[in-house]
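Asks: quick one: sequence plus predicted model below, questions after.
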Amino acid sequence: MEKEENYNTENTKSKKNAEEISESDNNVENLNNENNEKTSEEKIIDLEDKLARTFAEMENQRRRFEKEKEEAYEYGGFSLAKETLGLIDNLERSKQILQSDESLKNSEVLKKTLEHFDIIIKDLISIFAKSNIKPIESLNKKLDPNFHQAMIEIEDAQHEPGTIIQEIQKGFTIKDRLLRPSLVGVSKKPSNKDEKSDKNEEILDKK
């Protein structure tokens with residue numbers, strides 16, 4: 001009898017253990033299923049994020065390409081334009097040489113030659129303007145470091161200090177960029193020699 005009771009007790013315990021194990025396995029399986037569902041959702045979110053990033057990068061590349069294409073179209077001739085400005089410089093120098101030639105002063109030949117030079121220079125500037133290359137206005141303007149480069153200071157009582165009163169070399173812009181600055185001479189306040197001499201005399205008298 002005792003053996004039968006023990007056997008029944010052991011069987012009952014075994015059944016309970018088997019049920020507990022089975023229930024534990026079910027719980028683990030349910031947890032795994034839940035984890036698998038979360039992982040799938042996370043994967044979808046990751047994929048959506050990657051897609052959004054890819055589209056954003058593609059859009060950025062497209063914009064960069066459009067900008068580079070626009071700049072190549074608008075500023076592609078930057079170097080050529082800068083070199084071509086030397087033609088205007090040479091014409092201006094030739095004018096100055098002819099004007100300073102004593103043997104040609106006040107002659108009809110000089111007058112007509114200078115007129116032809118002016119026509120050529122105007123034509124060149126007109127051609128440049130079609131490509132958005134324009135001369136910088138300098139004379140009687142305040143010195144602007146963004147467009148002008150001061151080469152000399154000239155004493156002048158008629159203009160405020162820092163006013164451009166001489167253009168040594170004409171500057172140009174290409175659309176909204178500086179092609180080259182204007183080389184200019186700016187006014188400065190004239191030194192008062194009388195005041196200096198008076199001060200020197202006062203110093204000598206004190207001595």
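Replies: In hand now; what should we look at?
Asks: how is this protein divided into domains?
Replies: Domain ranges of the chain: 1-75, 77-131, 135-190, per automatic domain parsing.
Asks: what is the mean pLDDT for the first one?
Replies: To tie it back to what came earlier, the one meant is domain 1-75. Per-residue pLDDT values over domain 1-75 give a mean of 62.
Asks: helices of this structure, start to end?
Replies: 2-75, 78-99, 108-130, 193-206 (DSSP state H).
Asks: for the domains of the chain, give me a markdown table that also has mean neighbour count.
Replies: Placement of C-beta: from N, CA and C, glycine included. Below are those laid out as a markdown table (neighbours: other C-beta atoms under 10 Å):
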| stretch | mean neighbour count |
| --- | --- |
| domain 1-75 | 10 |
| domain 77-131 | 12 |
| domain 135-190 | 15 |
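Asks: residue 113: what's it in contact with?
Replies: The neighbours of residue 113, taking C-beta atoms under 8 Å, 6 or more residues apart in numbering as the test, are residue 98.
Asks: from residue 91, how far out is it?
Replies: Separation of residue 113 from residue 91 (C-beta to C-beta, to the nearest Å): 11 Å.
Asks: do residue 181 as well
Replies: Remark: distance between residue 181 and residue 91 (C-beta to C-beta) = 20 Å.
Asks: just the CA atoms of stretch 135-148, as PDB, please.
Replies: C-alpha atoms of stretch 135-148 as PDB (Å, rounded to 0.1, in the frame of the first residue of the first chain):
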ATOM      1  CA  PRO A 135      33.000  97.700 -64.800                       C
ATOM      2  CA  ILE A 136      33.100  98.900 -61.200                       C
ATOM      3  CA  GLU A 137      32.100 102.500 -60.700                       C
ATOM      4  CA  SER A 138      35.000 104.100 -58.700                       C
ATOM      5  CA  LEU A 139      35.500 107.800 -59.200                       C
ATOM      6  CA  ASN A 140      34.100 110.000 -56.500                       C
ATOM      7  CA  LYS A 141      32.900 106.900 -54.600                       C
ATOM      8  CA  LYS A 142      33.900 106.000 -51.000                       C
ATOM      9  CA  LEU A 143      36.700 103.400 -50.900                       C
ATOM     10  CA  ASP A 144      35.100  99.900 -50.600                       C
ATOM     11  CA  PRO A 145      37.600  97.100 -49.800                       C
ATOM     12  CA  ASN A 146      35.200  94.600 -51.400                       C
ATOM     13  CA  PHE A 147      35.700  96.300 -54.800                       C
ATOM     14  CA  HIS A 148      38.600  98.700 -54.600                       C
END
